[in-house]
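# Fold the following, please.
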Amino acid sequence: MDLLYRTMAAFIEQPLLAAVPVGIFLALFAVSRKFLVLAAAAAWLVYLPYEYAMKLRILCSGECNIRIDLLVLYPALFVISVAGLLAFLWALVRRHA
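Below you'll find the model as predicted:
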């Protein structure tokens, strides 16, 4: 789990990086038309301005160093991303079978 948090920490410093998974999932949705893939794109799209607001200290008082919210957000983004990827792969397998 520590690897997940360390990897995702890049989004704290550079919130615009969250646009990358948004774009990837939108492209995968265009191919698969699976709702779960679109849900993954939407989750990342919601996370992007949220993380910017945290970085700009709009959504937190002076103490933004302790980010308890990330204990929920990172696993949730990970789960929806994996589910979206699996849904995309399942669509590809069914299309070529």
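
# From here on, just use CA atoms for contacts and neighbour counts.
Will do.

# By mean pLDDT, point me to the weakest helix or strand of this protein.
Lowest on mean pLDDT, DSSP states H and E among the helices and strands of the chain sits helix 2-8, with a mean of 83.

# So, low pLDDT: which residues of this protein?
Applying pLDDT under 70 to the chain picks out no residues at all.

# hmm, who's touching the helix or strand encompassing residue 29?
Assigned by DSSP states H and E, residue 29 belongs to helix 19-32. By Cα atoms under 8 Å, 6 or more residues apart in numbering, the residues outside helix 19-32 that reach it are 35, 37-38, 40-42, 44-45, 48, 84, 88, 91-92.

# from those, which ones fall inside helices?
35, 37-38, 40-42, 44-45, 48, 84, 88, 91-92 (DSSP state H).

# would you turn these into TSV with distance to residue 78 and neighbour count?
Compiled in TSV, the ones in helices among the contacts of helix 19-32 are given as follows (distance: Cα to Cα, whole Å; neighbours: other Cα atoms under 10 Å):
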residue	distance to residue 78	neighbour count
35	17	13
37	13	27
38	15	19
40	9	27
41	12	28
42	13	17
44	10	21
45	14	17
48	14	20
84	10	23
88	15	22
91	20	16
92	21	13
